[in-house]
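In: structural data only, the sequence is not supplied:
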């Protein structure tokens, strides 16, 4: 797993749609499941969303929670 991808998930925001402006790590699971069925977009956004989907699928959200809290205390 590329560390930068995890950092991006807690610092980048969704650029479009219903969750525009929301941190990627805060996008609801049901939306990720819907996007998985529809197909993730190309490029970095697709990689980030697919990674987030896999993290949620495997119950690893605590990794993102810890990174998000660290970033709040000391921006990376």
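Out: Great, that's in hand. Quick caveat, the model's predicted, so the values are computed rather than measured.
In: show me where this protein has helices.
Out: Counting by DSSP state H, residue ranges of the helices within the chain are 3-11, 29-38, 43-57, 61-73.
In: how about the ones you listed, which one is nearest residue 17?
Out: helix 29-38 (8.4 Å; CB to CB). From N, CA and C alone the C-beta is placed, and that goes for glycine too.
In: out of the helices of the chain, nearest to residue 18?
Out: When these are compared by CB to CB, helix 29-38 sits nearest residue 18, at 7.3 Å.
In: any stretches of this structure with poor pLDDT?
Out: 1, 75-76 (pLDDT under 70).
In: quick one: the helices of the chain as JSON lines, columns for mean neighbour count and distance to residue 18 too.
Out: Converted to JSON lines, the helices of the chain look like this (neighbours: other CB atoms under 10 Å; distance: least, CB to CB, whole Å):
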{"stretch": "helix 3-11", "mean neighbour count": "16", "distance to residue 18": "18"}
{"stretch": "helix 29-38", "mean neighbour count": "13", "distance to residue 18": "7"}
{"stretch": "helix 43-57", "mean neighbour count": "16", "distance to residue 18": "14"}
{"stretch": "helix 61-73", "mean neighbour count": "13", "distance to residue 18": "20"}
